[in-house]
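# coords please:
(chains A and B, ligands or ions: 2)
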Amino acid sequence: MENIKTFLSHFFVTGDPMIYGADASIALVSVAIVFVLTYFKKWKWLWREWLTTVDHKRIGIMYIIAALLMLFRGGVDALMMRTQLALPNMHFLNSEHYNQVFTTHGTIMIIFVAMPFIFGLMNIAVPLQIGARDVAFPFLNAVSFWLFFFGAMLFNLSFVIGGSPDAGWSSYAPYAGAELNPGVGQNYYLIGVQISGIGSLATGINFLVTIAKMRAPGMTLFKMPLFTWSILITSIIVIFAFPAFTVALALMTIDRLFGAHFFTIASGGSPMLWANLFWFWGHPEVYIVLLPVFGIFSEVIATFAHKALFGYVVMIWSMIAISVLSFLTWLHHFFTMGNTAPVNAFFSLSTMLIAIPTGVKIFNWLFTLNKGRIEFTTPMLWALAFIPNFTVGGVTGVMLAMAPADYQYHNSDFLVAHFHSTLIAGTVFGVFCGLHYWWPKMFGYLLNEKLGKWSFWIFMISYNICFMPMYFLGLMGMTRRMYTYPAGLGWGPINFIITIGAFGMGLGFTIMAANIIWSAIHGKRDTTGDPWDGRTLEWSTSSPAPEYNFAHIPVVSTRDAFEAMKEEERKGVKRRQLPFEPIHMPNNSGIPFIMSAFFFVAGFGFVFEWYWMGIPGLIGIVICLLARSFVYNDHHHIPTDEIERTERAAGRFS
Amino acid sequence: MQEHKNTAVESEPAGFPWKQVIGLILSLALTFLALWIAVGLSLPVHVTLTLIVGLAVIQALIQLFMFMHVLEGTDTSHQILGLIFGIFVAFAMVAGTLWIMYFTL
Ligand code: HEM
Ligand SMILES: [Cu+2]
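Ligands and ions are numbered 1, 2, ... in the order given. Modelled structure (predicted):
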């Protein structure tokens, strides 16, 4: 009896009212979901239409829903931190709790918000932009999604079962090692991130092959839309950067679970090697979450300036330059770890070099706007706001790149402000921009413009209230990851303003969520498939796109292929109505979901070092792999009369 | 039936995948051999390192030929570009790490 009691009090996180609140709300939400699904008899529908789907558009939607939920969780973490820091000597979070919160905030925002949001948007847009009917490996695509999903769930479970990791999102050794950090928290980080990382790697491979092999006839590489180009380059970075992280996570897992010493000084390991491997992935990672939004902004700015993008080829070469350089800058994250001067000088220079192609892109966007007929829609507002706000992040990045100066503000709030300038004004503005832009393609109706603009202005202004003062706070000496500070240093008022800004961003996000709900009921239908007068092929099919995307695969002869088609139509060239042919599509499969669930079980087992659970979990994974290799009947054909019916319902066949 | 060029290739059962199975077994064998050399034998550090790096290179080649289709495909430029970028990244990582780690103050 006593044993069971001590076990339970360690298993469940106890003693904190906020965590009991979380327990209660998780239980309530779960019960509510089960109830609604049962009451409306939706279990079968959920399984057949969503959990087993291999359709890139649905997988994209699921990625985005998951990313929005995780953004909520990461945002609540942020608000908790900002509440704690609002005034000197606050007692809202204690130091231990604060460490856990910044760790889960950082990890969730990067790995479970930024990446999946981008993966969601690229799943939706890339196959449509290149005139394909799906990605190259639809089954693998579902595997990627579910691995991400279950990895994220495993990581989030740490909050209520076992305890959260607390070594920062960068999980530096030796603090993250078994000796200084006993318990399961750090295991959750290592294994949860590892599981979703496998999915990311597979996504990289999938989209590289899709873009290389499945483009519509006539679409040569230099006729691809810029978003597709950005995803091509991002996929290459994913493929070459993620293995370093996979290996680093695996080595630290071996250290923690089996007592090895890769990252401990004892027995000849090296804690610095962790930082080295982590950032060898970590720096390319920031471009993984930035290049795609550069692509989104290029599409949106060209669309709403009603002009072809300025400097298309230069844009592409600057992205290629960034992808190469991004593998040569990683040390700028640890200039202060005692490297010699030549080492610091090299990485200082390579970092500054990377600012050049980035600056080139900024000017290209500006020249695209020049003399354009600019239309201020919500997506365009996000894109326009990106340019100056992101530039602040870029300029402060160059300041941080100067190694001697970095000794002054390394790990201060100046750094925190810098990376939020790039991650929020870059990635977050970008995914919000893409969300509004492609929403009609996903669901067949538009988000409300008025609410959209309110959420934009409130979020954007609050972002500046939050992060501009933070630069000065950093220069005044406040360091990052600091859970409280004494009065009398002059930090109080600035911190209070920052907290106001943080809550303002929360309000902006809430309005966006309200907009989603409002528009789901009252949103304007998109009957044309082309609500923005778009230029690229995704706007040439109906909204939402049918299962097979295109009844006829488009034939491409120029850049901005859809704009060219519309131009021809305006000139009175009639397009011939070709007869339909049966379309070959992949079958749904439950294996990705089930296999990823086994990953979750195995992962949970290894987190607690319960091998009786971990090993059967691994066996389950292998069984799923075997089962899949014996599936021969993995595709079907959509008959012509069904295509005809679908097209007629969309008003595209008469 | 006439398929459009850019729909996914139809999968057909293509006999027993001997190549992949042999590749898998060789990879596992090499991995455990490396583990045994490092943990089971107590050779001088240099010797251990040389041996396991050698095994790693062999394993990389097995991966390239057994799983990664280097000799297949119609467009060799893809293969060559991929290999060049891979070598670049591997070099940046290994040489960069050695440079960083051995020259700390
Ligand atoms: C509402 C918006 C946000 C606010 C108010 C906010 C606030 C904060 C705060 C207060 C910290 C901890 C500072 C410290 O004590 O060291 C932090 C850390 C961090 N944030 Fe945010 N954040 C926001 C959004 C984001 C987003 C969107 C991302 C990424 C996409 C992000 C990534 C990070 C990372 C990586 C860290 C570092 C965690 C660590 O130190 O290990 N944040 N943020
Ligand atoms: Cu970096």
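
# tell me where the longest helix sits in the chain.
Just going to use chain A. Looking across chain A with DSSP state H, the single longest helix is helix A:226-258.

# sorry, should have said chain B
helix B:76-102.

# which elements pack onto it?
The helices and strands touching helix B:76-102, judged by 3 or more Cβ pairs under 8 Å, 6 or more residues apart in numbering or on different chains; DSSP states H and E, are helix A:226-258, helix A:271-288. Every C-beta, even on glycine, is put in place using the N, C-alpha and C of the backbone.

# let me see the mean pLDDT of the first one.
Translated: helix A:226-258. Averaging pLDDT along helix A:226-258 gives 96.

# and that helix, is it in reach of chain B?
Yes: for helix A:226-258, a contact with chain B is found by Cβ under 8 Å from any Cβ of the partner chain, at A:236, A:240, A:244.

# closest one to A:Asp77 out of those, please.
Closest to A:Asp77 out of those is A:Ala244 (26.8 Å), distances taken as Cβ to Cβ.

# what about the closest one, distance to B:Val89?
9 Å (Cβ to Cβ, to the nearest Å).

# can you tell me the element the spatially most central residue of chain B falls in?
By Cα atoms, centre = their mean, chain B has its centre lying nearest to B:Ala60, at 2.7 Å. Using DSSP states H and E, B:Ala60 falls within helix B:45-62.

# one more: B:Gly23?
Going by DSSP H and E, B:Gly23 is part of helix B:18-35.

# and for residue 34, the neighbour number?
All of this refers to chain A. A:Val34 is flanked by 11 other residues according to other Cβ atoms under 10 Å in any protein chain shown.

# oops, I was thinking of chain B
By other Cβ under 10 Å, the burial measure for B:Ala34, its neighbour count, is 18.

# likewise A:Arg628?
15.

# contact partners for it?
A:139, A:589, A:591, A:595 (Cβ atoms under 8 Å, 6 or more residues apart in numbering or on different chains).

# in helices, which of the residues you listed appear?
Short answer: the contacts of A:Arg628 in helices (DSSP H) are A:139, A:591, A:595.

# name the member of those residues with the most neighbours.
A:Met595 (24 neighbours).

# what strand or helix carries the nearest residue to that one once chain neighbours are set aside?
Nearest residue to A:Met595 in three dimensions, chain neighbours excluded: A:Cys624, at 3.7 Å (Cβ to Cβ, 6 or more residues apart in numbering or on different chains). Secondary structure assignment for A:Cys624, by DSSP H and E: helix A:611-629.

# could you measure from the residue nearest to A:Arg575 when sequence neighbours are not counted over to A:Phe550?
Among residues not flanking A:Arg575 along the chain, A:Glu569 sits closest, at 7.4 Å (Cβ to Cβ, 6+ apart). Per Cβ to Cβ, A:Glu569 is found 17 Å from A:Phe550.

# more neighbours, the two?
A:Phe550 (21 against 11).

# and the pLDDT for the closest residue to that one other than its chain neighbours?
With Cβ to Cβ, 6+ apart as the criterion, A:Phe550 has its nearest non-adjacent residue at 5.6 Å, and that residue is A:Thr541. Predicted confidence (pLDDT) for A:Thr541: 93.

# A:Pro342 now?
pLDDT, read off for A:Pro342, is 92.

# again, but for the one 10 residues further on
According to the predicted model, the pLDDT of A:Met352 comes to 93.

# quick one: the helix or strand hosting it to chain centroid distance?
A:Met352 is part of helix A:341-369 when elements are defined by DSSP H and E. Computed by Cα atoms, centre = their mean, to the nearest Å, the chain-centroid distance of helix A:341-369 equals 23 Å.

# helices or strands next to it in the packing?
helix A:291-305, helix A:312-325, helix A:378-401, helix A:403-409.

# ok and the first one relative to helix A:312-325, angle-wise?
Right, the one you point to is helix A:291-305. 170 degrees (axes from the mean of the first three to the mean of the last three Cα atoms, to 10 degrees).

# re earlier: ok and the longest helix of chain B relative to helix A:271-288, angle-wise?
Using the same axes, to 10 degrees: helix B:76-102 against helix A:271-288 is 140 degrees.
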